[in-house]
Each structure stands twice: as C-alpha cells, then as structure tokens.
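> Got a sequence here, can you build the structure:
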Amino acid sequence: MGKADLETLKQQKKAKKLAQKEVSKGNAQQQLPPSPLQRSFKALPNPRPLAKGRLGSFTVMTFNILGQCLVKRELFPDSGEMLKWKTRRNMIAAEISMYKPDLMCLQEVDQYDTFYKPLLEKLGYKAEHFTHPKKKHGCLIGYNATLFEMVNYTTVDYDSDKLCPPTWITGNIAQIMALKHLEHPGLGIVLGNTHMYWRPNATYERLRQTAIYTERLMEFKNTLDSSTEWVPIVIGDFNTGPTDPGHAAVTSTELPQKEEKELEESRLNPGSFMEQEEESSNVAGQEQGEEAPIEPNKTMPTCDLVQVLKKYTPRWHSVYSCYGELDSAMSYSASGEPKFTNYTVAYKGTLDYILIRDQEDTVSATEILMLPPEESVMPSLPNRNFGSDHMCLVAKFDFTA
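Have a look, this model is predicted:
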C-alpha cells in the first residue's frame, strides 16, 4: 500500500468518526425533552401617547392551549408523541413560565383542578375558570396576585343571552373580570376572555357573539366604582381571520357593503348541521355540544347587529395590527395582523386577538411578542418547539391613571 493510499484511508476513518459523532449528537438531541422556543419582543413603532405621565407597565397574554379532550391523532398527523398529555402539559407550563404575564386569558382549558390550578398557584397567580355545561374545556383568566386584585367577575353564555337570538346553539362562553392595580388603585382593568364558534361559514354567529361579548363587558364596566379609571381589554380566540367580515366589523368605523352582504348571507343560510359533519371531522379542535341552526327569521339583521356592536365603542383596535410594520413578510398586508396564530394541517392563519378601544389613552401598548420563524412551526403544530396548535400572544402596556 502506497503513501497516497494510507493518507486516503486515514481521511476515510476520520470522516467516519465525524459522521458517527454527528449521529450520536443527533440522537442525544432527540432524547432531550422538548421545550418551548423562546420568542423575542419588539417595540411598537408608534405607540399612542398616554393622557398623563406614565406610572408603570403590565403584560397581557392570550393563549389557546389546546384542550387535551380535543386531541385526535387524525387531526394532528405530524405531531406524534407531542400529543401525549404528559409531554404537552410541561410544554404549556414552560411557555407560561417563560413570559410570566401579569394578566392571562387561556382558552380550551381542561385538566384545571388536577394540573392548571396548582400550577398557577405555584407561579403566584389567582384564577377563575369557567366551562359551559355542554363542554369538557373552558376559559381561564389568571392574574398576578402581587400586582392586581379581583374586584368583580361574571360570565356570559352566548346561547342563552337575550341580546339577540343565536343562529347556532354552540356552547361558547366568555369571562369578564374587573381587576384593580394594587400599587395604583386609580387604574382598573376590565378584562374579557372568550372562545368563539369555530365553523368557518358561521361568520354571522361569531359577529353576534362578539356583539354580546363587548356589550356585556361595557355594561359590566359601567357598574364599577367611578373613582377608578376602568380600561376595557377584549381578548380571546375569536375564530375569525383578518380577512373575515367580522374582523372588519370590529376594527372599522363603518362596515363595508361587501362584508355586510357576506354576513347577512351567513345569517340567512347558517348551514345544515348534517351537511357540515364531514367538514367538522377534518377541523382541529372542533367543538362539542352543538345543535342544529335556528330559523333565520328569528334572528337580528346584520345592519342592526352592527349597531349593537358599535353602541359603546365604534371601533376596537387590535394591538397586533401593527405587525406588518415590524415584519411585513409575516403579516396580512391589508390588516397588518400576524400571518398566523394557529398552525395546523387544516388551517394556518390568525384567530387570536388583543383589543383595546381605538382612542384609549389610559393604557398604551408598547411592545408585542413576535412570531417565531415559520420553519419552527412546520409542518404543523403541536411540535417539539410548541405544545399547542396556537401561538400565545403577549403585549406590554404602559399605563397612567
């Protein structure tokens, strides 16, 4: 064997060792328990000035954590072992702990008494959890007990609310909580949390639920002690995309004619429960406890419903609607909303929102938690980077009083 052959053999052995080392490294990484990918905050480009001098700040989170009772492997074909409850619960807990919001609104909460209640107590939160009798999962509002105290609390059942008749019986609910700042009792937050109806074609029903939600929240606000400056913050999984007509109804002063026509069509033709069963079997996190739609002649025309929606607040501002200014490649061009907050095989888009009054000057959003790189959520969620099929959204607010 010549000198050249010996050198070639050495190089081959060296390459083999390096390859084995890389394989061992990869196997070791695979054996590590999954953990949530940490995301970064960015300052908003044009925060609204406060009416008076800044007194402090607080953070707010909304997070649909994916109820374990809704997990079906056929709906999450890419997730594999990540669908196991023992794995996912640790991921969700780690993500909440990572950002430690002062106020949080969670949706699709099950396993409350056995897991989330003791977890939140350990982290220093007090919480209220509410589940509709027809469902196995519900909503939760949690608050940092060293910063806020609860003054009052109520819940909303969209099915039985008398403001306007439903088109579907859905089992969807909302929570409304009044929280007073402990260090600055002149500041109060009226925090709403909701999870709305999921069927894509039920745009009118979601608008109806939104109108009830905001109406009841503002009525609740008006019953509170007037010596405190009460700021409404409307949060949740609205199951409404930025291009849906319901988004325009909430965030625009006037509803464009095209969107009003689409909503009215949804009211007059809410769909057949039986016809949509095939559709529902392919939707991640589909709801339970639904009943057939109501006769359209018993419901409120869209134009009247929009007036109800705008009774107290003509226009709500989505805190994340500035996302396009921070990262245009990861946003909806028309609305400025982030490209996605939900990333599944069946749907990839934005469904979750943090809303404040358009002219609000007692609090001002100054930072938001950015989306992760899209490749980190591909091909779909949950995965080793995120324990839910939704992204959590977190906003930082400065406040005065």
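
> Would you mind confirming that residue 354 is in contact with residue 320?
Yes - using Cβ atoms under 8 Å, residue 354 is in contact with residue 320, at 6.5 Å. C-beta coordinates here come from the backbone N, C-alpha and C atoms, glycine included.

> shared neighbours of those two, which are they?
Residues touching both residue 354 and residue 320 by Cβ atoms under 8 Å, 6 or more residues apart in numbering: 393, 395.

> Looking at these two, which one has more neighbours?
The neighbour count for residue 354 versus residue 320, taken as other Cβ atoms under 10 Å, is higher for residue 320 (28 against 23).

> quick check, that one in a strand?
No - read with DSSP: H, G, I helix; E, B strand; the rest coil, residue 320 is helix and lies in no strand.

> residues in contact with it?
337-338, 350, 353-354, 368, 393, 395.

> Next, find the distance separating the spatially most central residue of the chain from residue 365.
For the chain, the residue nearest the mean C-alpha position is residue 352 (3.6 Å; Cα atoms, centre = their mean). From residue 352 across to residue 365, the span is 15 Å (Cβ to Cβ, to the nearest Å).

> who touches stretch 66-76?
So stretch 66-76 is contacted by 79, 83, 85, 88-89, 108-111, 136-137, 282-286, 344-346, 380-382, 387-390 (Cβ under 8 Å, 6+ apart).

> Please apply the same query to stretch 88-100.
For stretch 88-100, using Cβ under 8 Å, 6+ apart, the contacting residues are 33-36, 38, 59, 61, 63, 65-66, 68, 82, 104, 111, 115, 119, 123, 369, 382, 386-388, 392, 394.

> can you pull out the strands in the stretch 51-200 of the chain?
Per DSSP state E, counting those that start in this stretch, the stretch 51-200 of the chain carries strands over the ranges 56-64, 103-109, 125-130, 138-144, 148-157, 173-181, 187-195.

> hmm, back to that, list buried residues within the contacts of stretch 88-100.
34, 36, 59, 61, 63, 65-66, 68, 82, 104, 111, 115, 119, 369, 382, 386-388, 392, 394 (16 or more other Cβ atoms under 10 Å).

> Just the ones of these in helices?
Of those, the ones assigned to helices by DSSP state H are residue 119.

> helix or strand right after the one helix or strand in the chain whose mean pLDDT sits lowest?
Here the helix or strand of the chain ranked lowest by mean pLDDT, DSSP states H and E is helix 277-280, holding a mean of 48. Per DSSP states H and E, the first helix or strand lying C-terminal to helix 277-280 is helix 302-309.

> Residue 116 against residue 122, yeah?
No - taking contacts as Cβ under 8 Å, residue 116 lies outside contact range of residue 122: 10.6 Å.

> More neighbours: those two, which one.
Using other Cβ under 10 Å as the criterion, residue 116 and residue 122 rank with residue 116 on top: 23 against 10.

> Report pLDDT for that one.
Each residue has a pLDDT score; the one for residue 116 is 98.
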